[in-house]
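# predicted structure and sequence below. I'll ask about it afterward.
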Amino acid sequence: TASGHLQGNGKGMFFPDEIITQNEALKIIVSVLGYDKEAEAEEKNIGAYLKIASRLKLTKNSSGTGELNFENMLILFKNSIIAPMYGFEPYGEDIKYSQNKDKTILSVYYDYYYKENDRVTAANAVSIYGDSVKGTDIVIGGSTFEAPAEDMAEYLGSYVNYIYSGELNVDDNAVIWLEKSKRNDEVVVFGKQNIDGFDSSSYKFSYYDENEKLRSVRIEMGATVIYNGGFADNIEEAFNMPYTSVRIVADKAGDYDLCILYNYENHVVEYINFEDEYIRGRDAVENISTNPDDYEYILMRNARNEPFKTEEFTEDMVASVYLSLDGKYIKIVVSEERLSGEITRKGTDSDGRNYIDIADIGKIYLHGDLNADNASIGDNITIYLDAEGEGAYFKVTPAGGVYSFILRAYAGEEDDFYVKAFTQTGSVEKFKTA
């Protein structure tokens, strides 16, 4: 009240138990931002304040007009701290009042700054221009910042609004918040069933949208192509590789100049070497290193998107591995979720995806080429899910019991004893003896 921002009902009366309206809140915000001088030109009536609030976009994304609820309060707060403040400077023998776009509540009180519609050109150690960048950094609008999170791949190529601390292009500045701006134009497709394909003669990528309508976008012939975090030599090579999701991003002119493709292989962990930092899956084709020294960039997360370390691995976890074509970039997402029950149905859908129906659970799709040929309806099954919720591996107990041919017996760690056997379902299983 002493500063003049709160003036009651015009007669010096305040009613603290009443709910403030949005218009009243806007009047306070406009006043705090320093626009009283401008409002005075129109006799300081509420209409003058609301006109200024509209110009400052204080109500952007707000749906309220009456009593101020919690959701709209947060929207007004966010808009107010990035709105330009009203300042003054000497003007001859007078004082000039004007809007200062570089001066906001964030910058004045916290040394934070807000920018809009800049493109993310580097993240997760990958630059769309081929520049060298640290895995912990993000490049936005040509300036390098410390990234606000470990995995920023979903923002690569996108236009964003963001808040950063410190001055541009200094060592200790960091992005503390960002969102994709409405200028952003991108196509994101998840799942092979939604992908129609890429036509190398027309450079068109076709896909099915959320309404199952076939759509297409034309990709620039010189587009940058990233496969599992690393560069692909050309667009045809990348689209001829297996992929389960794709992001195609347009530049400011609306030309689709960036393609990002992802594909993963599942490995059910059978062996972990904690000292040398690698795991080996049941397929036992090769060891998978989890040692950061073996890559330019490595990211390991669990299914809840939390950081994951080699020492957390246990047998039968599912490691979904995204590996770049040059082997320099790797992402491993680890799941330990399992489902058990009786098989009620199995088959292949119209998109060519294999599935198993489990009683009281429903349909579970199997990842990649995994099929249920060695399982029968009525069998009991334990299915190991990857982080995307697809089946990576399963164990079957036939309805009449299981018969196995022992391949070898061996001692494990801590005096445990194991038997490896070939089962009648056609799988090789390891059993711990009592």
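Arrived safely, thanks for sending. Worth saying up front: this structure is predicted, and the values here are computed from it rather than measured.

# low-confidence ranges, the chain, go.
For the chain, the stretches flagged by pLDDT under 70 are 1-17, 42-44, 87-98, 167-171, 398-434.

# show me which strand runs longest in it.
Criterion DSSP state E: the longest strand present in the chain is strand 214-227.

# tell me the strands beside it, with direction?
Strand pairing for strand 214-227, using DSSP bridges, gives strand 204-208 (antiparallel), strand 230-231 (antiparallel), strand 256-262 (parallel).

# deepest-packed of those, please.
Highest mean neighbour count of the strands paired with strand 214-227: strand 256-262, a mean of 21 (counted as mean count of other C-beta atoms under 10 Å). Every residue, glycine included, has its C-beta placed from N, CA and C.

# thinking again about what came up before, okay, the strands paired with strand 214-227 in CSV with distance to residue 184 next?
Listed next are the strands paired with strand 214-227 as CSV, based on distance: least, C-beta to C-beta, whole Å:
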stretch, distance to residue 184
strand 204-208, 18
strand 230-231, 22
strand 256-262, 12
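
# of all those, which one is nearest residue 112?
Closest to residue 112 of the strands paired with strand 214-227 is strand 256-262 (C-beta to C-beta; 28.9 Å).

# related to what we said a few turns ago, and of the strands paired with strand 214-227, who's closest to residue 355?
Residue 355 sits nearest to strand 204-208 of all those, at 18.6 Å, using C-beta to C-beta.

# contacts made by that closest one with the rest, please.
187, 189, 193-199, 214-219, 239, 246, 248, 259 (C-beta atoms under 8 Å, 6 or more residues apart in numbering).

# go again using 7 Å as the cut-off
The contact list for strand 204-208 (C-beta atoms under 7 Å, 6 or more residues apart in numbering) reads 187, 189, 194-198, 214-219, 248.

# re the thing from before, how far off centre is the longest strand of the chain?
Distance of strand 214-227 from its chain centroid, counting by C-alpha atoms, centre = their mean, to the nearest Å, is 21 Å.

# neighbours of the nearest residue to residue 385 once chain neighbours are set aside, just the number please.
Of all residues not flanking residue 385 in the chain, residue 337 sits nearest, at 4.5 Å (C-beta to C-beta, 6 or more residues apart in numbering). As a burial measure, residue 337 scores 13 neighbours (other C-beta atoms under 10 Å).

# was I right to think residue 337 contacts residue 386?
No: applying C-beta atoms under 7 Å as the test, residue 337 and residue 386 come out as separate, 8.6 Å apart.

# run through the helices of the stretch 51-200 of the chain in chain order.
Assigned by DSSP state H, counting those that start in this stretch, the helices in the stretch 51-200 of the chain fall at 70-82, 105-110.

# next, count neighbours for residue 159.
If you count neighbours by other C-beta under 10 Å, residue 159 ends up with 23.

# next up, the contacts around it.
Contact analysis of residue 159 by C-beta under 7 Å, 6+ apart lists 117-119, 180-181, 183-184.

# again, but for residue 140
Residue 140 neighbours (C-beta under 7 Å, 6+ apart): 118, 120, 160, 162, 175.
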